[in-house]
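Chemist: Sequence and predicted model, in that order:
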Amino acid sequence: MTWIERWRGRPKMKQHPDWIVIDTAEIEDIEYEDVDPQDHPDYCDAYISEATYKGRKMTYEELDVLNEYHRDYVYETLWNYLYWESYILDHPRARLKQTK
């Protein structure tokens, strides 16, 4: 098998759906799920399950794009919530969803 055949048979990378553009500065009221303290400091299973975007609830497609393609934003806002906002602010913008 030549390298060209291997190249053509490679798994395709996920493409960002360009019809969904998210301005992360407009996201509020974030709710996280699967935040496991034993997973500290990675929190690789944590994701945003609900959020408000420009005054309306985000759709499942928008949440998928946010969690998949803006992973650094998810991680950074989770850290800010866990280690800064929850201690400093009386009304944090984010909350953890209780899972059974």
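Modeler: That came through fine. Numbering: from 1, shown residues only.

Chemist: helices and strands of this protein: which one bottoms out on pLDDT?
Modeler: In the chain, the helix or strand scored least confidently by mean pLDDT, DSSP states H and E is helix 86-88, which has a mean of 50.

Chemist: And Leu66, how close does it get to Tyr75?
Modeler: Distance check for Leu66 against Tyr75: by CB to CB, to the nearest Å, it reads 12 Å. For the C-beta atoms, the positions are set from N, CA and C on the backbone; glycine is no exception.

Chemist: now swap in Ala51 and tell me
Modeler: Counting by CB to CB, the separation of Ala51 from Tyr75 is 15 Å.

Chemist: mind listing the helices for the protein?
Modeler: 3-8, 60-69, 71-80, 86-88 (DSSP state H).

Chemist: got any ranges where this structure has weak pLDDT?
Modeler: Judged by pLDDT under 70, the chain has its weakly predicted residues at 1-19, 85-100.

Chemist: Try it again at 50.
Modeler: The chain contains residues with pLDDT under 50 at 13, 87-92, 100.

Chemist: For Ile20, which non-adjacent residue is spatially closest?
Modeler: Val65 (4.8 Å; CB to CB, 6 or more residues apart in numbering).
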